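1. Quick one: sequence plus predicted model below, questions after.
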Amino acid sequence: MQDEWLKGRLAYLRGLKHPTDHQRLLLLLADKPDRTPEDERKLLALVRAEKAAERAQKARANAARIVNAEKLATRKARDRELYNAAGLMILAGLVDSKTGMPLLDRGELLGALMELSRVAPEDERKAQWKRKGDALLAEKMKG
């Protein structure tokens, strides 16, 4: 197992464009035909260091995968909410469901949405809009 790992790792190191100093020394000692006991001790230490470096590299890759998975999940959740918002615009008759194009002038639609965002939370119109919207959503969920 040790020999197989070392053979594979040496092949990998030989393929590197810029091996580190300890990797170069590992290659030199591994290729040396008549190693002294001191060379063997150095080789063993370099092999342990290389194994530790390989484990660290794998750990960094695993950590990066976890971080990227979290970012992907966050982005997917955000995208889903954006699609849901677009679906509400379609249900309201403001956007064509086939083309995705607004059915009103873009400036007009944006201005209306800006005014909607400025309506006070306690305004009775908001309660009416919510009742109508909830009813339409409930109807669409049934059918």
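-> Arrived safely, thanks for sending.

2. can we go C-alpha only for contacts and neighbour counts from here?
-> Will do.

3. Now do the helices in the chain.
-> Ranges of helices in the chain, per DSSP state H, are 2-14, 21-31, 37-91, 106-118, 124-142.

4. Please name the residues that touch residue 62.
-> Shown in contact with residue 62 (Cα atoms under 8 Å, 6 or more residues apart in numbering): no residues.

5. So it versus residue 69, what's the distance?
-> As judged by Cα to Cα, to the nearest Å, residue 62 and residue 69 stand 10 Å apart.

6. okay, and for the chain, where does confidence drop off?
-> 1-2 (pLDDT under 70).

7. tell me the domain boundaries of it?
-> Here the domain parsing of the chain from automatic domain parsing is 2-103, 104-143.

8. Highest mean neighbour count out of those domains?
-> Mean neighbour count, computed with mean count of other Cα atoms under 10 Å, is highest for domain 2-103 among these, reaching a mean of 13.

9. of all the helices of the chain, which lies closest to residue 97?
-> Closest approach to residue 97 among these is made by helix 37-91 (5.9 Å; Cα to Cα).

10. would you turn the helices of the chain into a markdown table with distance to residue 99?
-> Shown next, in a markdown table, are those (distance: least, Cα to Cα, whole Å):
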| stretch | distance to residue 99 |
| --- | --- |
| helix 2-14 | 52 |
| helix 21-31 | 59 |
| helix 37-91 | 11 |
| helix 106-118 | 15 |
| helix 124-142 | 20 |
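
11. which residues sit in contact with residue 46?
-> Residue 46 neighbours (Cα under 8 Å, 6+ apart): 22-23, 26.
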